[in-house]
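S.K.: Following is a predicted model, sequence given first.
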Amino acid sequence: MTTNVQRSSQEWHELLTRSRFKPTKSMGQNFLTDISVVEDITRFADLDADDLVVEIGPGLGILTRQLIASGAEVIGVELDRELARFLREDLREYRTFRLVEQDARYIVPEILTDNRPYKVAANLPYSVATVILRNLMESGHPPTRMTVMVQREVAERMTADPGQMSLLGLATDLYADSEIVLIVPATVFVPPPKVESAVVRMDIRPELRGTATQRDRMFELATMAFQRKRKTVSNGLAMGLNRSKQELDIILESAGVDPMRRPQTLNVDEWLKIAASLP
């Protein structure tokens with residue numbers, strides 16, 4: 001483990017006060033200053049010296065330094081050019097850290113990690129968190145674990161049970177076993193966001209349910225239904241597929257799904273059964 005890496009919370013406040021960096025709203029930037037939060041994220045990530053960890057949006061590097069201190073090899077992905085320049089200079093002495101200047105929405109994990117197993121730890125920009133998560137989960141080379149801080153509302157959608165399900169919840173449940181492990185108040189950020197945050201730990205499933213064709217079809221059908229989520233599954237799919245409700249009722253019943261249910265009440269297995277019945 002690398003020692004003497006982390007600044008104190010007071011030092012982070014002072015750095016922000018005297019630095020030229022101003023959080024950019026368009027990039028969803030809110031700088032974290034509380035050391036205890038990054039200590040918790042690193043602990044939940046369960047890192048050791050053999051791990052490769054990808055950090056999305058390092059910012060000024062408060063989580064980055066904690067990840068380096070764990071002994072893991074760290075790849076930071078930063079879009080902001082000024083922050084990238086700062087990080088290269090500020091962390092130049094740490095040989096286990098590498099910075100990639102890129103938009104995390106479009107990273108190709110196989111290339112970024114050279115096909116090595118990896119984990120993800122990040123304080124994700126709120127505005128693009130969902131896109132980044134799905135890009136990683138649905139890639140041909142997903143991480144083994146993701147420990148990410150997102151807006152609390154997003155975290156609750158990611159980990160929702162049937163009854164409160166969404167497309168993001170379906171995707172998360174398909175690809176990972178997930179739980180909220182920490183609630184983070186707005187006061188630990190500069191500037192404070194208007195909402196609370198939450199840390200979600202996601203253990204990626206080594207084997208996915210259904211075939212690739214069924215999974216693709218599941219998302220197509222679920223998207224149709226959630227676009228009309230106040231309607232029953234039968235009505236929503238009938239409208240989306242331009243087929244009769246009577247026909248959809250028969251198909252859904254044969255799949256073991258009550259046609260009168262709302263889309264947010266269905267779980268992944270039920271959607272996969274529908275997808276298999278509506279190829």
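M.R.: Structure received. Nothing here was measured: the structure is a model prediction, and the numbers come from that model.
S.K.: all strands of the protein, in order?
M.R.: Residue ranges of the strands in the chain, as given by DSSP state E, are 31-32, 52-56, 73-78, 97-101, 119-123, 145-151, 176-184, 189-190, 197-204.
S.K.: Please identify the most buried of those.
M.R.: strand 119-123 (a mean of 26; mean count of other Cβ atoms under 10 Å). Placement of C-beta: from N, CA and C, glycine included.
S.K.: What strands flank that strand, and is each parallel or antiparallel?
M.R.: strand 52-56 (parallel), strand 145-151 (parallel) (DSSP bridges).
S.K.: Pull the lengthiest helix in the chain out as CSV, backbone CA atoms only.
M.R.: Secondary structure of the chain per DSSP state H: the longest helix is helix 212-226. Only the C-alpha atoms of helix 212-226 are listed here, as CSV (Å, rounded to 0.1, in the frame of the first residue of the first chain):
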residue,chain,number,x,y,z
ALA,A,212,-28.2,-12.0,-26.7
THR,A,213,-31.2,-11.8,-29.1
GLN,A,214,-33.7,-12.1,-26.2
ARG,A,215,-31.9,-9.4,-24.2
ASP,A,216,-31.9,-7.0,-27.2
ARG,A,217,-35.6,-7.7,-27.8
MET,A,218,-36.3,-7.3,-24.1
PHE,A,219,-35.0,-3.7,-24.1
GLU,A,220,-36.9,-2.9,-27.3
LEU,A,221,-40.2,-4.1,-25.8
ALA,A,222,-39.6,-2.6,-22.4
THR,A,223,-38.8,0.7,-24.0
MET,A,224,-42.1,0.6,-25.8
ALA,A,225,-44.0,-0.2,-22.6
PHE,A,226,-42.2,2.4,-20.4
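S.K.: Dump the strands of the chain into a markdown table; add mean pLDDT and distance to Ser8 as well.
M.R.: A markdown table is the format used below for the strands of the chain (pLDDT from 0 to 100; distance: least, Cβ to Cβ, whole Å):
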| stretch | mean pLDDT | distance to Ser8 |
| --- | --- | --- |
| strand 31-32 | 86 | 14 |
| strand 52-56 | 98 | 20 |
| strand 73-78 | 98 | 20 |
| strand 97-101 | 97 | 20 |
| strand 119-123 | 96 | 18 |
| strand 145-151 | 96 | 20 |
| strand 176-184 | 97 | 19 |
| strand 189-190 | 85 | 15 |
| strand 197-204 | 97 | 21 |
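S.K.: could those go into TSV alongside distance to Pro109?
M.R.: Formatted as TSV, the strands of the chain follow (distance: least, Cβ to Cβ, whole Å):
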stretch	distance to Pro109
strand 31-32	24
strand 52-56	8
strand 73-78	10
strand 97-101	12
strand 119-123	9
strand 145-151	11
strand 176-184	15
strand 189-190	28
strand 197-204	11
